[in-house]
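Colleague: 3D, please:
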Amino acid sequence: MTTVVGIFGRLRVPRSRRLFARSSVIRSYFREHLLLLPALAMALSSGSLAARAEPAQLPEIISGPTNAVPACVTPNRLMEFVRNRNRALTPPRETDRRFADLAAIYSSDSECVERVEGKCKGVRWDYVFFQMLVETNYLTFTGGVRPGDNNFAGIGATIPKKPGERFASVREGARAHLQHVLMYAGVSIQHPIARRTKTVQSEVHRRMAQLGRPVTFSDLATLWTGTDQNTYASSMERTAKRFADQFCKERAGP
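Modeller: Modelled structure (predicted):
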């Protein structure tokens, strides 16, 4: 008995017919199974044979009437969200009082991050804040950036466990973060606070212009230096969902 191995299994050919039928049987076998290859390739490309995780669908960076921060997202609630999370740690952690107004600063300074032809360009500050929570581990700063750096997005921290840029105040650090995010949306920052914003601006604009559509936080996640680009958007999405589950379900008040 002769065994012919193919990509779909084994074909056993009787020895008695080997001298007469081997070549014709083999040709027939492969003709039959090779016809299935296009269908197999199509199935693989469509993901029908293997489950593929859907990328996180995050909002556009630039805010506007059709891309506004939900009413349930307020500075007070965001800071409560941070405090509750940190107090639930083992051991519990208290959030530095220096950051008590951080969400309010993101909210107020996001309305006009840059002027373009006399018109203000703002950003979805809620997702900038959620990104900040991912970057700083909810303001516990367990990475290379120190709390006193006022660097809420790891700007310039391109090497793991190494600090990046340092900003003079909490507001300056939040402002630098807002500018850096808006820059990813293709807006030129005329007077960037962060050195890295000025350094990478041209290249980021070139890359994002290739999208041919408004830039989202999901797009930002694919280029943000020093992160796992495969999971960064999902991390922001999970943080936003965790907040919404606690604060955006029929809850009234500030």
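
Colleague: low-confidence ranges in the stretch 101-250 of the chain?
Modeller: For the stretch 101-250 of the chain, residues meeting the criterion pLDDT under 70 lie at 158-162, 225-229, 250.

Colleague: run the last query once more with 90
Modeller: 143-144, 157-164, 222-231, 249-250 (pLDDT under 90).

Colleague: mind listing the helices for it?
Modeller: For the stretch 101-250 of the chain, the helices defined by DSSP state H, counting those that start in this stretch cover 102-109, 125-136, 170-184, 195-209, 217-221, 232-247.

Colleague: How is the chain partitioned into domains?
Modeller: Annotated domains of the chain cover 2-46, 75-247 [automatic domain parsing].

Colleague: Among these, show me which one is buried the most.
Modeller: Neighbour counts (mean count of other CB atoms under 10 Å) averaged over each of the domains of the chain peak at domain 75-247, with a mean of 18. For every residue, glycine as well, the C-beta is placed using N, CA and C.

Colleague: Any idea how far that domain is from the middle of the chain?
Modeller: 12 Å (CA atoms, centre = their mean, to the nearest Å).

Colleague: Figure out the length between the terminal residues of that domain.
Modeller: 12 Å (CA to CA, to the nearest Å).

Colleague: Could you do stretch 77-96 as well?
Modeller: Using CA to CA, the two ends of stretch 77-96 sit 17 Å apart.

Colleague: Stretch 223-238 too?
Modeller: By CA to CA, one end of stretch 223-238 lies 19 Å from the other end.

Colleague: same thing with stretch 178-190?
Modeller: 13 Å.

Colleague: Export the helices of the stretch 101-250 of the chain as CSV, with columns for distance to Phe152.
Modeller: Formatted as CSV, the helices of the stretch 101-250 of the chain follow (distance: least, CB to CB, whole Å):
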stretch, distance to Phe152
helix 102-109, 8
helix 125-136, 4
helix 170-184, 5
helix 195-209, 14
helix 217-221, 15
helix 232-247, 14
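
Colleague: Gly164 is nearest to which of those helices?
Modeller: helix 195-209 (7.5 Å; CB to CB).

Colleague: that older thread, to Gly64, which of the domains of the chain lies closest?
Modeller: That would be domain 75-247 among those, by CB to CB, at 7.9 Å.

Colleague: ok so, going back, out of the helices of the stretch 101-250 of the chain, which comes closest to Leu78?
Modeller: Per CB to CB, nearest to Leu78 of those: helix 102-109, 4.1 Å.

Colleague: Cys72 contacts Gln246, doesn't it?
Modeller: No. Distance between Cys72 and Gln246: 10.0 Å, which falls outside the contact criterion (CB atoms under 8 Å).
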